[in-house]
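Asker: below is the sequence, then the predicted model.
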2 protein chains.
Amino acid sequence: MKAEIIAVGTELLLGQIVNTNAQFLSQELAALGIDVYFQTVVGDNPDRIRSAIKTARARADLLVFTGGLGPTQDDLTKDVLAAYLNRGISIDKPSMEKIETLFSSRGIHMVESNIRQAHTIDGAVPLFNEAGLAVGNGLSEDGTHYLLLPGPPREMKPMMEGPGKEWLRSVLGHSDPLYSRLLKFAGIGESNLEAQLIDLIEGQSDPTIAPYAKEGEVAIRVSTKAPTESEANRKIDATVERIKERVGTFLYAQQDATLEEEVVRLLRASRRKLASAESASGGLFAELITSVPGSSGEFTGGVVTYTNEMKHKLLGIPMSQLEGIGAPGAVSESTAAMMAERVRELADSDFGVSVTGVAGPAESEGKPVGLVYLGIAERGKETVVYTTNLSGSRTIIRVRAVKSLLYRLWQALTK
Amino acid sequence: MKAEIIAVGTELLLGQIVNTNAQFLSQELAALGIDVYFQTVVGDNPDRIRSAIKTARARADLLVFTGGLGPTQDDLTKDVLAAYLNRGISIDKPSMEKIETLFSSRGIHMVESNIRQAHTIDGAVPLFNEAGLAVGNGLSEDGTHYLLLPGPPREMKPMMEGPGKEWLRSVLGHSDPLYSRLLKFAGIGESNLEAQLIDLIEGQSDPTIAPYAKEGEVAIRVSTKAPTESEANRKIDATVERIKERVGTFLYAQQDATLEEEVVRLLRASRRKLASAESASGGLFAELITSVPGSSGEFTGGVVTYTNEMKHKLLGIPMSQLEGIGAPGAVSESTAAMMAERVRELADSDFGVSVTGVAGPAESEGKPVGLVYLGIAERGKETVVYTTNLSGSRTIIRVRAVKSLLYRLWQALTK
């Protein structure tokens, strides 16, 4: 079954709100094995809503509307669809009772327009609104199915998850649900990953393998339709094995986990602790690690030693290492090593990591923008420093430096 | 002019990402006086992209595409549009040079597919991608205009704000250009700000005053069309005065500056320095401040003292203050004050700031999630601690705590 999601609301076209409903509904429909081919946003205008219905009918079997069910004169979805299908509108009794009860309990005068929220298209299945007043609708005609949901997410979600899905299942009859698994990679670029898997991506149709774009992350999704989850897993496992043979060293998770979550998970599993000393990344590493809930058990703390004085005061790095003729300087392999080692000792942790480099926009110490040293000091082992030459804006260099450090730390934890 | 935004990407139809680009572009187009009547999302499928073009052409004069310009075989926007318009595709030299330079500087082998990112439709104006590799396109044919932008927001936004808008202005032709000024607010919520200005927002048509939604920020945009910039400024100034009479204390910038940029600017102007001590915010404050280019002159450094041991070791806060029966604890007004004071002394800076609280998901020291203390220690002045009770997820509480601290610091700097 092919679906189109139609969000109705001028506020979306003005950019006042983000269409998060489309994302939620797309995920729900995919889980039911329904393919979403288009998402449309149309304003609160009867002619344009009608035209959107006409366009969608020609290319989809299921039209999922969200928005336009409220009490105001701008809420037009039911009126326009009823007129389009030459159907009347009547009052859904349970919804009307809920509206009346609410107004009388609050002692507020009910205005005429509130009745509109109990409107139901003749012949449609009314979908009760647990979290609000506007009743939803599900109806089928000439092989096209229409699902009408409210616009506010806190009303739309429970209706979709409850009576909406129930109605959809009755319409679908049976067809296997879609299962998918996200594979997350680090230390490899998106196009390089794709180049290594291109024959599988293009040549394999079940399970399908598709690149998955997510800001600053590299991932692919393996999907298949199957009658049971265990059968789906068996098929997906086999495909994942083929992928691992080629790029297994970069695969850090088979679920939607971030690299920082994986690092914290591995630290926890091995009962080890981490501390950080940052210069160029200005606290971004600490911020990412501590964004993981419960990371206080694994991350003892960090320092952001932005100036040489602070590197000296907080970490005890000699000024002669940082400044003066012949000194290696703040941006150097040896300073990166010292930062990692000193913060590890200071925090009495198992790992100490460091970032020192030039994030730009201007060079520093005569060293070029993008030169970043990443240090990893591990208790009882020799300290390792990675030299990277990163490109991009100041923000991007900082993000890449920290992601790269997380990848190296993940490697050290999985070795 | 009527516009339709077409986002290309199967990941949107699968609900893997939210279409924030549609919101951004809707706002930008509205500011140019262009009405957006439809937003469409279509997958990485040539037939369906073609059908989306056909549908949009029938109902809009301007088609703004985002996505599908990347290196992979799934990136089809240029190929499909070129075929639809019977045009060829050639290589944009400056973009090709950027790609080659990048790969050779990194010493990475360039795969064939990367060349696709330099593709430009014959007869189109190439729009250089400052933040990435895929070149954009602007072209007009038979009264319909096509603007092709990349999908990743960090590439799409600068292209739209720079060469994209320039091309759109050339297409819009005569009519007075639109001038607008962004007013940025801190310390006041979006709905509260709107309530205080509602009569101006709804009743005034020139200059127009419109709320401007930006993740985690509160802003409004004042816009007017005028033959010259000075005339536009005169009109905008008068409106800004009316706004300042009501909510002037919350207005921190009349341009698209972040609060952290304003804080760094004010520190620089008064030759003062800042250091930070963070617990609950895990380095986010330091990260935000150091994201401002050149902030190393104003920000000496910071500590992320996530555990009590680190608060004791790095800042010298007595363990009796942090733990034990009757101790105020890590999350307390007095600890916030000590953290701010000690880090200020340690860094020998003019300001020391601190964040300590409970970001969640679980309570800590028997103190509720959302309770956050913000400390500001200023050389020669009495330390001030602000107590806040924040709501939201862990991430949101951290962001709100740091934004609130930035606002208090901005107040201290403008007093």
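Answerer: Looks like it came in fine.
Asker: for chain A, list the residue farthest from the centre, please.
Answerer: A:Ile325 (48.9 Å; C-alpha atoms, centre = their mean).
Asker: need the pLDDT of that one.
Answerer: As predicted, A:Ile325 sits at a pLDDT of 90.
Asker: doesn't it lie inside a helix?
Answerer: No - in this structure, A:Ile325 is coil, not part of a helix, as judged by DSSP: H, G, I helix; E, B strand; the rest coil.
Asker: is A:Asn129 in a helix, a strand, or coil?
Answerer: Assignment for A:Asn129 (three-state DSSP): coil.
Asker: just give me the neighbour total for it.
Answerer: 25 (other C-beta atoms under 10 Å in any protein chain shown). (Each C-beta comes from the backbone N, C-alpha and C, glycine too.)
Asker: my read: it touches A:Gly136, true?
Answerer: Yes - the pair A:Asn129 / A:Gly136 is scored as a contact, 6.5 Å apart, by C-beta atoms under 8 Å.
Asker: what is in contact with the two at once?
Answerer: A:150, A:159 (C-beta atoms under 8 Å, 6 or more residues apart in numbering or on different chains).
Asker: apart from its neighbours in sequence, what residue is nearest A:Leu178?
Answerer: Spatial nearest neighbour of A:Leu178, excluding adjacent residues (C-beta to C-beta, 6 or more residues apart in numbering or on different chains): A:Gly33 at 4.7 Å.
Asker: do A:Glu378 as well
Answerer: A:Glu378 sits nearest to A:Phe351 (C-beta to C-beta, 6+ apart), 5.6 Å away.
Asker: swap in A:Glu309?
Answerer: B:Thr300 is the one closest to A:Glu309 (C-beta to C-beta, 6+ apart), at 6.9 Å.
Asker: tell me who's in contact with that neighbour.
Answerer: A:306-307, A:309-310, B:273-275, B:347-349.
Asker: picking that back up, measure the residue farthest from the centre of chain A to B:Ala56 for me?
Answerer: Using C-beta to C-beta, to the nearest Å, A:Ile325 is found at 65 Å from B:Ala56.
Asker: same check, this time on A:Ser113
Answerer: Counting by C-beta to C-beta, the gap from A:Ser113 to B:Ala56 is 34 Å.
Asker: the more surrounded of these two?
Answerer: Comparing A:Ser113 with B:Ala56 by other C-beta under 10 Å, the one with more neighbours is B:Ala56, at 26 against 12.
Asker: contacts only, for the more buried one.
Answerer: Going by C-beta under 8 Å, 6+ apart, B:Ala56 touches B:4, B:6, B:38, B:40, B:63.
Asker: does the first one sit in a helix, a strand or a coil?
Answerer: Right, B:Glu4. Per three-state DSSP, B:Glu4 ends up strand.
Asker: that older thread, am I right that the residue nearest to A:Glu309 is in a strand?
Answerer: Yes - residue assignment for B:Thr300, taken from three-state DSSP, places it within a strand.
Asker: check what pLDDT it gets.
Answerer: pLDDT, the model's per-residue confidence, is 95 for B:Thr300.
Asker: same check, this time on A:Ala337
Answerer: 98.
Asker: shaky segments in the stretch 251-400 of chain A?
Answerer: Of all residues in the stretch 251-400 of chain A, none has pLDDT under 70.
Asker: 90 instead?
Answerer: A:255-257, A:294, A:296, A:360-365, A:391-393, A:395-396 (pLDDT under 90).
Asker: what about the helices in it?
Answerer: Secondary structure of the stretch 251-400 of chain A by DSSP state H, counting those that start in this stretch: the helices cover A:259-269, A:284-290, A:308-315, A:319-322, A:333-347, A:394-414.
Asker: before we move on, which element is the residue nearest to A:Leu178 in?
Answerer: Counting by DSSP states H and E, no helix or strand carries A:Gly33.
Asker: that one and A:Lys225 touch, don't they?
Answerer: Yes - using C-beta under 8 Å, A:Gly33 makes contact with A:Lys225 at a distance of 5.8 Å.
Asker: show me what counts as buried in stretch A:382-395.
Answerer: Under the neighbour-count criterion of 16 or more other C-beta atoms under 10 Å in any protein chain shown, stretch A:382-395 has A:383-386, A:388, A:390, A:392-394 buried.
Asker: for the stretch 151-300 of chain A, just list every one of the strands.
Answerer: Assigned by DSSP state E, counting those that start in this stretch, the strands in the stretch 151-300 of chain A fall at A:178-185, A:208-214, A:217-225, A:251-253, A:274-278, A:299-305.
Asker: elements contacting the third one?
Answerer: Secondary-structure packing of strand A:217-225 (3 or more C-beta pairs under 8 Å, 6 or more residues apart in numbering or on different chains; DSSP states H and E): strand A:178-185, helix A:190-203, strand A:208-214, helix A:229-247.
Asker: next, the buried residues of that strand.
Answerer: Buried-residue list, strand A:217-225, by 16+ other C-beta under 10 Å: A:218-225.
Asker: nearest to B:Ser90, of those residues?
Answerer: A:Val218 (29.9 Å; C-beta to C-beta).
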